[in-house]
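# Pasting the sequence and the predicted coordinates here, then a few questions.
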Amino acid sequence: MCVSDRFTAPLDAIEAPSVRGTLLNPTRILIAEDSSLFATVLREMIEPEPDMEIVAMAQNGKKAVELCAELQPDLVLMDIHMPVMDGLTATARIMARCPTPILVITADPYRGGVDLSFKALSAGALDLVAKPDEVPMREAERLELLRKMRILSEVPVVRHVRDSLGSARRSKPAPKESTPAKKSQETKKTKNAKLAGESTPVVGIAASTGGPKALAQLLGELPADFPAPILLVQHITRGFSTHLTRWLDANSALRVVEAQHGQPIRAGHVYVAPTEMQMELTASRFLKVYDGPAVAGHRPSGDVLLRSLARHVAPRAVGVVLSGMGQDGAFGMAALYRSGSITLVQDEESSVVYSMPRSALERGVVSEVVALDQMADKLGSVVKKLAEEGS
């Protein structure tokens, strides 16, 4: 049985002081991985770090659940495909019984299993990354993973009341494509969706760590007749944007698609920027998706997207920055704010990592700070007003 749960409000793990992660109080890590190769890669990455220690290694999800309750680690590195109990079920049970920060480390997106990894985010995991495609790991990849682990180990998490995959599935609506009737409705909705014109408001969203879960909640609460297109930049591992798109689409009444170059935008649609590409909106309301250079280390970049909205849509654009590491989106939000557009950021309490919203807030370019559970209503009212003004 877990001795203590973590019910405190989320902190900005990058900037908040902590006694954990020191020589005297190292970050305690549980690895759940059935592949001896990847288990060795993770162990060799962590063991030289003086502020980290591996408290146990589990080769299946059932053992991971037991060890997590017994040892109460600061972070769990969770594989998805494991014998006895998979990582999705293990994540749900850990988050129901002894809430612990969980980072899903999944296989290459082209080898399958990634959709289960996104479902683990719904079960309570904080984030996901790809397993390394080279052994030994590239140094930049190794340092980035260690950085993410340090940050996530400090994020307080809360209990998820469902402790089985079955109950979690029963509580969720069926995917839109599950019946012929729903397929027909979706096709009709897509076909009849209004192309964005000069008076149509456009929403731009930037997110990073903690973003997928926030996006699933936000988009899941917006109606199918939402009167604006939504353009989305989510920092995520290469190749994962397709799976993110499919996961978000299955959990939203909106039509969520991966953006394509030259694509016109429509109200009630969400356009996800592909990984390793930049995305902008042109003056004629077409998407520009291209192999451009990284901006401040990001490709896609929230700043690139939001600045294009400031150029071509303002003041009828709405900028939103959700949970994430770093400061991407802050300069784009500044451009929007100065052009008369509304800018919204997620509040600290509901963010996994608050650096991105805080960076925009500290520049004085935020119209309003909004809790995640109120973001859909706020966005709906803002966009409705803009749409009425343009009609």
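Yes, it's here. Numbering: from 1, shown residues only.
# any idea where the strands of the chain begin and end?
In the chain, strands defined by DSSP state E lie at 27-32, 52-58, 75-78, 102-106, 127-130, 202-207, 230-234, 255-258, 269-272, 278-281, 287-290, 317-321, 342-346, 368-370, listed in chain order.
# Tell me which of the ones you listed sits nearest to H298.
strand 230-234 (8.0 Å; CB to CB). The C-beta positions use only the backbone N, C-alpha and C, and glycine is treated the same way.
# Strand 317-321 and that closest one, what's the angle between them?
Interaxial angle of strand 230-234 relative to strand 317-321 (axes from the mean of the first three to the mean of the last three CA atoms, to 10 degrees): 30 degrees.
# partner strands of strand 230-234, parallel or antiparallel?
Strand pairing for strand 230-234, determined by DSSP bridges: strand 202-207 (parallel), strand 269-272 (parallel).
# how about these in JSON lines, adding mean pLDDT?
Listed next are the strands paired with strand 230-234 as JSON lines, based on pLDDT from 0 to 100:
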{"stretch": "strand 202-207", "mean pLDDT": "97"}
{"stretch": "strand 269-272", "mean pLDDT": "97"}
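# Pull the number of nearby residues for the closest residue to M333 other than its chain neighbours.
Nearest residue to M333 in three dimensions, chain neighbours excluded: A360, at 4.3 Å (CB to CB, 6 or more residues apart in numbering). The number of residues packed near A360 is 30, by other CB atoms under 10 Å.
# A360 and V369 touch, don't they?
No: the pair A360 / V369 is not scored as a contact, 9.8 Å apart, by CB atoms under 8 Å.
# hey, what's in contact with both of these two?
Common contact partners of A360 and V369 (CB atoms under 8 Å, 6 or more residues apart in numbering): V345.
# For R238, which of the strands paired with strand 230-234 is the nearest?
So among these, strand 269-272 is nearest, using CB to CB, at 14.0 Å.
# And for the closest one, what's in contact with it?
Identification of contacts with strand 269-272 by CB under 8 Å, 6+ apart yields 190, 193, 219, 229-232, 234, 241, 244-245, 248, 252, 254-259, 263, 265, 279, 287.
# Deepest-packed of the strands paired with strand 230-234, please.
strand 202-207 (a mean of 28; mean count of other CB atoms under 10 Å).
# Keeping just the C-alphas, turn that strand into CSV.
Only the C-alpha atoms of strand 202-207 are listed here, as CSV (Å, rounded to 0.1, in the frame of the first residue of the first chain):
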residue,chain,number,x,y,z
VAL,A,202,-8.2,31.8,-36.2
VAL,A,203,-6.8,30.2,-33.1
GLY,A,204,-3.1,29.3,-32.7
ILE,A,205,-1.9,27.0,-29.9
ALA,A,206,1.6,26.2,-28.7
ALA,A,207,2.4,23.5,-26.2
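# Can you get me a residue count around the closest residue in space to G262 that isn't next to it in sequence?
Nearest residue to G262, sequence neighbours excluded (CB to CB, 6+ apart): F286, at 5.8 Å. A count of neighbours around F286, defined by other CB under 10 Å, yields 15.
# what does the model give the residue nearest to L287 when sequence neighbours are not counted for pLDDT?
In space, and not counting its chain neighbours, L287 is closest to Q263: 4.6 Å by CB to CB, 6+ apart. On pLDDT, Q263 comes in at 95.
# Which neighbouring residues are in contact with Q263, exactly?
By CB under 8 Å, 6+ apart, the neighbours of Q263 are 271, 286-287, 289.
# now swap in L254 and tell me
Per CB under 8 Å, 6+ apart, neighbours of L254: 219, 222, 224, 226, 230, 268-270.
# distance of it from R93?
Using CB to CB, to the nearest Å, L254 is found at 31 Å from R93.
# Equivalent analysis for L145, please.
Looking at L145 against R93, where the rule is CB to CB, the gap reads 25 Å.
# again with Q327
Relative to R93, Q327 is positioned 36 Å away (criterion: CB to CB).
# out of those two, which sits in the more crowded spot?
R93 (25 against 20).
# Can you add distance to M149 and give the strands of the chain back as a markdown table?
A markdown table is the format used below for the strands of the chain (distance: least, CB to CB, whole Å):
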| stretch | distance to M149 |
| --- | --- |
| strand 27-32 | 7 |
| strand 52-58 | 7 |
| strand 75-78 | 6 |
| strand 102-106 | 6 |
| strand 127-130 | 9 |
| strand 202-207 | 20 |
| strand 230-234 | 20 |
| strand 255-258 | 28 |
| strand 269-272 | 26 |
| strand 278-281 | 28 |
| strand 287-290 | 32 |
| strand 317-321 | 24 |
| strand 342-346 | 23 |
| strand 368-370 | 28 |
